[in-house]
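S.K.: predicted model and sequence follow; I will ask about them next.
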Amino acid sequence: MLANRVTQLERTIGKEQQNSVQREFQSMNLEVKTDIPHPDFSKTDNKPRIQESELHAPDKDTNGSKLKTCDDRILTLERTVGMEIEEADASLPNESEISKIRRTKEKNSPSKVNINKKRLLSPVTTPYPSNTIQTIAFYAYMSKHTPTITIQYPLTFDVVKTNFGNGYHSTTGVFMVPESGVYVFTWTIRIGSNNYHATQLMVNTDELGIIYSYVGSGPDLGGTGIVVAHVDKGDDVYVRTHALWNSGVIYSDASGRSSFAGWRLF
């Protein structure tokens, strides 16, 4: 019976689906009343009744066709409700998912977090790779005083204390650059009373730096210059006196050394 199937559908899908069914019937200009008992088709009276056989005869008349359409829509709604129930059951977590959630909670427990923090704070024991850049550095000083120089003249620092990379040559006072890079160069010149000297730091024929020291009638004085520059492999770096501003002896003894040094930064 159509009434019984509608009643079962109403109980399954609830009030919201009931209203949807009511709207479906109303769209076909059929009146459905949910606040009164369903009619008993077994009773008869003088009013004409639609026989159940007519509900399945779509070609008999217009009302039969509409009821047939209603029956098909009810079947569709029943299938929809069944699919929604199956999807709801499928969305519930199974045993494996529940176990996974439990393991996740145990992993994030305070005791586990504290253990992980201790591991993160523990010292790293993995050795770092050794520095493969060649160390280049030199330091040399004059073993004795240099006599009065009044011309442009390369100075020789003959006592070599450091010479990593073997770039410095004590006989000429020239540092021949073993590898290109950025270097620091520094030199110190000591002069006595009533003397003055200007000394230059040279790269090949170019001046990179210059210092000027002057002493009147007072004690000895030392002047120091420092330069940071990029130089290329094979360049000659050295210290020389200036062509014009020179007078007197350049001192170097146990009281103070005139020296020349340099090293590569990178």
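M.R.: Happy to help now that I have it.
S.K.: isn't E179 up against F164?
M.R.: No - if you go by Cβ atoms under 8 Å, E179 and F164 don't touch, sitting 11.3 Å apart. In short, each C-beta sits where N, CA and C put it, glycine included.
S.K.: identify the contacts common to the two.
M.R.: Common contacts of E179 and F164, defined by Cβ atoms under 8 Å, 6 or more residues apart in numbering, comprise I136.
S.K.: mind checking the pLDDT average for the helix or strand T104 falls within?
M.R.: Take DSSP states H and E as the rule and T104 turns out to sit in helix 95-107. Within the predicted structure, the mean pLDDT of helix 95-107 is 71.
S.K.: heads up, I number from 13, so please use that
M.R.: Will do, 13 is the new start, and the previous item becomes helix 107-119.
S.K.: local confidence estimate at the nearest residue to V261 once chain neighbours are set aside?
M.R.: Leaving aside its chain neighbours, V261 sits nearest to H157 (5.2 Å; criterion: Cβ to Cβ, 6 or more residues apart in numbering). Reading off the confidence values, H157 has pLDDT 93.
S.K.: can you check K55 too?
M.R.: Here, the pLDDT recorded for K55 equals 51.
S.K.: next one: S225
M.R.: Note for S225: predicted pLDDT of 89.
S.K.: pretty sure it is touching T236, no?
M.R.: No - judged on Cβ under 8 Å, S225 makes no contact with T236 at a distance of 9.3 Å.
S.K.: between those two, what contacts are shared?
M.R.: Both S225 and T236 are contacted by I201, under the criterion Cβ under 8 Å, 6+ apart.
S.K.: what about those two, which has more around it?
M.R.: S225 (21 against 12; other Cβ atoms under 10 Å).
S.K.: so what's the more buried one bridging to?
M.R.: According to DSSP bridges, the residues that bridge with S225 are H209.
S.K.: residues in contact with it?
M.R.: For S225, the residues meeting the contact criterion (Cβ under 8 Å, 6+ apart) are 201, 203, 208-210, 233-235.
S.K.: how about a cut-off of 10 Å?
M.R.: The contact partners of S225, taken as Cβ atoms under 10 Å, 6 or more residues apart in numbering, are 200-203, 207-211, 232-237, 257, 262.
S.K.: counting neighbours, what do you get for the residue lying closest to I262 once chain neighbours are set aside?
M.R.: Among residues not flanking I262 along the chain, T158 sits closest, at 4.1 Å (Cβ to Cβ, 6+ apart). Applying other Cβ under 10 Å, we find 17 other residues in the vicinity of T158.
S.K.: touching, T158 and R252? I think so.
M.R.: No - the pair formed by T158 and R252 falls short of the contact definition of Cβ atoms under 10 Å, at 11.8 Å.
S.K.: name the residues contacting each of these two.
M.R.: Common contacts of T158 and R252, defined by Cβ under 10 Å, 6+ apart, comprise 165, 167.
S.K.: secondary structure element for the residue nearest to Y263 when sequence neighbours are not counted?
M.R.: Taking Cβ to Cβ, 6+ apart, and ignoring the residues beside it in sequence, Y263 has R202 as its nearest neighbour in space, at 4.4 Å. Counting by DSSP H and E, the element that carries R202 is strand 193-203.
S.K.: so which elements touch that strand?
M.R.: If contacts are counted by 3 or more Cβ pairs under 10 Å, 6 or more residues apart in numbering; DSSP states H and E, strand 193-203 sits against strand 149-153, strand 207-215, strand 218-227, strand 233-243, strand 248-259, strand 262-263, strand 271-276.
S.K.: may I see the ones you listed arranged in a markdown table, with distance to D170 as well?
M.R.: Supplementary listing: the helices and strands packed on strand 193-203 in a markdown table, determined by distance: least, Cβ to Cβ, whole Å:
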| stretch | distance to D170 |
| --- | --- |
| strand 149-153 | 7 |
| strand 207-215 | 17 |
| strand 218-227 | 21 |
| strand 233-243 | 19 |
| strand 248-259 | 13 |
| strand 262-263 | 13 |
| strand 271-276 | 10 |
